[in-house]
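> I would like to see how this sequence folds:
(4 chains)
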There are 4 protein chains.
Amino acid sequence: MLEAIEGVFIVAQTPFDDRQDIDLPSVDTLVDFYARHGANGLTVLGVSGEAGKLTGEEALAVAGRYIARAGTMPVIVGVSSTNLAHLSRLTNAVMDAGAAGVMIAPAPGIRTDEDLFRYFETVFAAIGDVPVVLQDFPFATNVGMSVPAILELVKRHPQIQVLKEEDLPSLNKITRLRQAGGRRIAILTGNNAMYLPLELERGIDGPMAGFSYPEMLSGVFRLHRAGDIQAANDLFDRYLPLLRYEAMGFWGVAARKEAMRRRGALAHATMRQPGPALTADDHLEIDRLIARVETRLAEAA
Amino acid sequence: MLEAIEGVFIVAQTPFDDRQDIDLPSVDTLVDFYARHGANGLTVLGVSGEAGKLTGEEALAVAGRYIARAGTMPVIVGVSSTNLAHLSRLTNAVMDAGAAGVMIAPAPGIRTDEDLFRYFETVFAAIGDVPVVLQDFPFATNVGMSVPAILELVKRHPQIQVLKEEDLPSLNKITRLRQAGGRRIAILTGNNAMYLPLELERGIDGPMAGFSYPEMLSGVFRLHRAGDIQAANDLFDRYLPLLRYEAMGFWGVAARKEAMRRRGALAHATMRQPGPALTADDHLEIDRLIARVETRLAEAA
Amino acid sequence: MLEAIEGVFIVAQTPFDDRQDIDLPSVDTLVDFYARHGANGLTVLGVSGEAGKLTGEEALAVAGRYIARAGTMPVIVGVSSTNLAHLSRLTNAVMDAGAAGVMIAPAPGIRTDEDLFRYFETVFAAIGDVPVVLQDFPFATNVGMSVPAILELVKRHPQIQVLKEEDLPSLNKITRLRQAGGRRIAILTGNNAMYLPLELERGIDGPMAGFSYPEMLSGVFRLHRAGDIQAANDLFDRYLPLLRYEAMGFWGVAARKEAMRRRGALAHATMRQPGPALTADDHLEIDRLIARVETRLAEAA
Amino acid sequence: MLEAIEGVFIVAQTPFDDRQDIDLPSVDTLVDFYARHGANGLTVLGVSGEAGKLTGEEALAVAGRYIARAGTMPVIVGVSSTNLAHLSRLTNAVMDAGAAGVMIAPAPGIRTDEDLFRYFETVFAAIGDVPVVLQDFPFATNVGMSVPAILELVKRHPQIQVLKEEDLPSLNKITRLRQAGGRRIAILTGNNAMYLPLELERGIDGPMAGFSYPEMLSGVFRLHRAGDIQAANDLFDRYLPLLRYEAMGFWGVAARKEAMRRRGALAHATMRQPGPALTADDHLEIDRLIARVETRLAEAA
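Now for the predicted structure:
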């Protein structure tokens, strides 16, 4: 059951080749890269996975390849859509393909708790008994979910087993959620991992985020679980200058793909259009930020 | 007490002279015009009253002049603001000046029921025991209020005595509100009066809207209360071509001011800048629409 | 070429059966109904055609059936999507199926003219040489297109042959567009036809709107083209009470489908979920509004 | 002239006492604190200065006190408002009081370049010949300004002497602005200073941001100007964990005020309501983050 999960779910990139077509062989190298650097699970077809640029067939192909390569490592598939028919169809397909669950954010346009509850009633009537990660990401959806509303959704729908929390600032929201009664679900945080050590202190079960150095996410998690809070923070801080660079929306994702390409995680750093294309200045900044991270790591070694 | 009110609250214009300064003498002629055509109350400094273009001093001057001239006719003053200090200060000033109450819409940025409840707790902590018209106008605020949320606000805050309902489509919302239990408050509808006969059928207590022919609003209300639904609809339909023209946002308000200027209700049709300025084509359309209304009225006479 | 079109393009409904599945036989009766009442063309899969609730396969099935039944009557297919891959794929498929062109609104999130121009460069790079109706509908997209920006798009992209104008208030925008130089394109207006006679006066080439009595749209257009402005307005006004009822967003569409079902245009008034379901009160209102229209028509006969 | 400025403009806090009233004596200690830590100028009544919670009188009192205490240090006053009358009145008052200029962001609701140009025409017609900092902050305004649109505004209005750039990601936007021809204006960056060393590399003239350790901002600027890029980055990175904490919107501002209170910069950390109130957990986090910064500084000393 997902509600008992803890650890590091990496938000995975979708690789494209130089012609902007899906690069399925790079999915395999990405899975291996994430696993090698400590991933306990993967989340594919999220916002930063460029899900909004894929056809239904492509989405299924990417998810299927990820699931196949991941083996026993659970794969969550983002299926959020303004179009419930798309959401439902993709959910069925990826669950058949072996996904551990799907991630759903409320559709844009929801403005009240009543709208929110009605939306998820309709969603669950359509998809049935599927494990769901509820994504609280108002920056992307412009839909707010208060703590009482999240708890009510958890109460109504046993399918909700995980909350992906990324409503900035999340810290007190995490505390409130953890202090509330009711069925316990896992809480993983996005927020580009920018607040990971603090979120762990507030009681989350791990990150669900992307970063070109996933070993930072798994390392911080492991150190924190081992009780070495200071070492967790020290490790986090070494990477923070690069982490905050990758937090610049889709430009940050472009930088992340480039950094990962340099590490051999995928063959091309291509973003599908419409989307950012890195400039020479951007490349220079990435060079320098990586060099600084490596210097810091060497100093600490 | 406002909760027992029924009848026609006219949403009043703010008159400007040719130099875009407040035209206080026209406030007097406006009050007389509205009263002569059947107003039971006035709502000043609403969105279509160009409240968002006045300084605090101007707002108070306009409200004060309206209140003074209105005599025993109740005047509601719109005080909504993203700035609670402004809202609170203006509320105190107009209540001191003799307003019957203030109208407040939730501030933009509210995204959940919890935010909404917290907002009004803060508002009422600041303004105290003042009769309030709660305005449900998501088109302007981008804040939704569900029927349960409105009922909860009514329960928590005895100061809320009237709901101005203009969340299109309002019809089933009115029915749900009327069928709910709890403390009864008055429901008046805005929506530029475009659905007035239907809203009356659903149980509202009257319109709170602006129109260059307020006698339509009062006539429809009176006929409906007298049980002559068909005559109410016949009267409404005669004006509908002009009414829908005045429903075009601030362009519609500019047309309304021009139509009212022609009727002698105010000295200038000026809208304060930034705002629309009528073109020659617009004037021609207004000519024709008024002529058509008058023909229809003559036919019916 | 679409740029020379004039006349009445009906925004067509998507019919669903009682189980919320696509009802293809009703597409045939709808085409016949629209044609019989004066349609010169059809626009399918628009916002009010519930396009946002269909899978890709369903969208293609509906569009294909419409095209097949419409014969020589041109069919425009709405393909707007936040997902360019979907947009492109559906465009190719419906053009292969015989569509006369596609309708595209700018994707939500565009905030500047530069963003807008870049978006359509990307779109046309993806879809190639396809006749396009540019939809100016900020209420749905939250993207504004100024008159200069529209003219620039028309200049850059010869594929743009028609503007569907529905940025309320549209009247002065139509005048400005018509007075501008540059390549002439057709302008058809949406706005639920609420301002049709005025828009014709401003120089549009016809409506592109839905209404349960399409004979009003075609009648007003024909009378106006014949120079009988007063008769055009008289005809329009007879239907206006019902027209404004159908203008209430998706509730209005639900009412439209019900009114059309009563006329035999389609077998079921079903809206796909999530969407409104008419109440008994709504049905009663529709009864009365239709009765009033019929009375008015009988009086005029 | 502001267009030649360079250096560090601190975005200043508005101090409140325990009763949520303006704490004017703390304005004096704040000015001294900012000056002591390297400020070359101050920006008061910005978003993070809680300008949206002050009455007009309070705004003027705060700005006046800041200007008086700042002496020869230039003070920019934020005057943005959806209400042009407020904007204009406050502008006149603070310029009379000795402000170096005002900061203006485009009003929410602007959707096209044409709207944008018209807005600033109206603004400058109202305020006249006043030095202006144009604020590009779409996160707060939801109004985008493209590079060509900013250049056009600079060309049309000689009053615009500074751009406060904080449209994330800003880096390539800065490069494009710097590479464009036309009149040179100063570019200062907000973005909570999260990208300051990179922005300096891209050609900005300094930060315009708030932080509880302003010596970091001035130190990074000074080192960068001296050509020691690595030292600038090293200094920046030592503070980054705290900096990113203070970047959490109004929660971050609350933390900043608390950190500054501990340093004696102001008497109370109070945020005016509605606004966040720090929890015990928040205080603990601030303790730890400050301790970490101090350890890092000690290590580097």
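> For A:Q161, give me phi and psi.
When read as degrees, to the nearest 10, the backbone of A:Q161 gives phi -120, psi -20.
> any idea of the pLDDT on it?
Note on A:Q161: pLDDT of 98.
> could you measure it against A:L151, distance?
14 Å (C-beta to C-beta, to the nearest Å). Heads up, the C-betas are built off the backbone N, CA and C, glycines and all.
> Who has more neighbours out of these two?
Just comparing A:Q161 and A:L151: by other C-beta atoms under 10 Å in any protein chain shown the higher neighbour count belongs to A:Q161, 22 against 18.
> Which residues are in contact with the closest residue to A:D113 other than its chain neighbours?
Closest residue to A:D113 apart from its sequence neighbours, by C-beta to C-beta, 6 or more residues apart in numbering or on different chains: B:D113 at 4.2 Å. By C-beta atoms under 8 Å, 6 or more residues apart in numbering or on different chains, the contact set of B:D113 is A:T112, A:D113, A:S146, A:P148, A:A149, B:S146, B:P148, B:A149, B:E152.
> Of those, keep whichever come out buried.
A:T112, A:D113, A:S146, A:A149, B:S146, B:A149, B:E152 (16 or more other C-beta atoms under 10 Å in any protein chain shown).
> my read is A:I10 is in a helix, agree?
No. Counting by DSSP: H, G, I helix; E, B strand; the rest coil, A:I10 is not part of a helix but strand.
> got a list of what it touches?
With contact set as C-beta under 8 Å, 6+ apart, A:I10 has these partners: A:Y34, A:A39, A:G41, A:L42, A:T43, A:M208, A:A209, A:G210, A:F211, A:P214, A:L217.
> And the buried ones among the contacts of B:D113, which is closest to chain C?
Nearest to chain C among the buried ones among the contacts of B:D113, counting by C-beta to the nearest C-beta, is A:T112 at 14.1 Å.
> Most neighbours among the contacts of A:I10, which one?
That'd be A:M208 among these, by other C-beta under 10 Å, with 33 neighbours.
> Surely that residue is in a strand?
Yes. Under three-state DSSP, A:M208 sits within a strand.
> That one and A:N40 touch, don't they?
No. If you go by C-beta atoms under 8 Å, A:M208 and A:N40 don't touch, sitting 10.4 Å apart.
> Need the residues touching each of these two.
Common contacts of A:M208 and A:N40, defined by C-beta under 8 Å, 6+ apart, comprise A:F9.
> residues near the residue in the stretch 101-250 of chain A that chain C sits nearest to, how many?
For the stretch 101-250 of chain A, the residue closest to chain C is A:T122, as judged by C-beta to the nearest C-beta, at 4.8 Å. If you count neighbours by other C-beta under 10 Å, A:T122 ends up with 16.
> for A:L188, what are its contacts?
Counted by C-beta under 8 Å, 6+ apart, A:L188 has contacts A:I5, A:F9, A:V133, A:V162, A:L163, A:K164, A:E165, A:I204, A:D205, A:G206, A:P207, A:M208.
> how about these in JSON lines, adding distance to chain D?
JSON lines is the format used below for the contacts of A:L188 (distance: C-beta to the nearest C-beta, whole Å):
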{"residue": "A:I5", "distance to chain D": "24"}
{"residue": "A:F9", "distance to chain D": "22"}
{"residue": "A:V133", "distance to chain D": "23"}
{"residue": "A:V162", "distance to chain D": "23"}
{"residue": "A:L163", "distance to chain D": "19"}
{"residue": "A:K164", "distance to chain D": "18"}
{"residue": "A:E165", "distance to chain D": "14"}
{"residue": "A:I204", "distance to chain D": "13"}
{"residue": "A:D205", "distance to chain D": "18"}
{"residue": "A:G206", "distance to chain D": "19"}
{"residue": "A:P207", "distance to chain D": "15"}
{"residue": "A:M208", "distance to chain D": "19"}
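> how far away is A:H224 from chain B?
30 Å (C-beta to the nearest C-beta, to the nearest Å).
> was I right about that residue contacting A:D234?
No. Taking C-beta under 8 Å as the definition, A:H224 is not a contact partner of A:D234, at 11.6 Å.
> Burial check on the residue in the stretch 151-300 of chain A that chain C sits nearest to, number of neighbours?
Closest contact between the stretch 151-300 of chain A and chain C, by C-beta to the nearest C-beta, is at A:P274 (4.7 Å). Look at A:P274: counted by other C-beta under 10 Å, it has 18 neighbours.
> And for A:G71?
Summarising burial for A:G71: neighbours were counted as other C-beta under 10 Å, giving 10.
> Likewise for A:D234?
Neighbour count of A:D234, defined by other C-beta under 10 Å: 17.
> For A:T122, which non-adjacent residue is spatially closest?
Spatially, and ignoring its direct neighbours in sequence, A:T122 is nearest to C:P274 (4.8 Å; C-beta to C-beta, 6+ apart).
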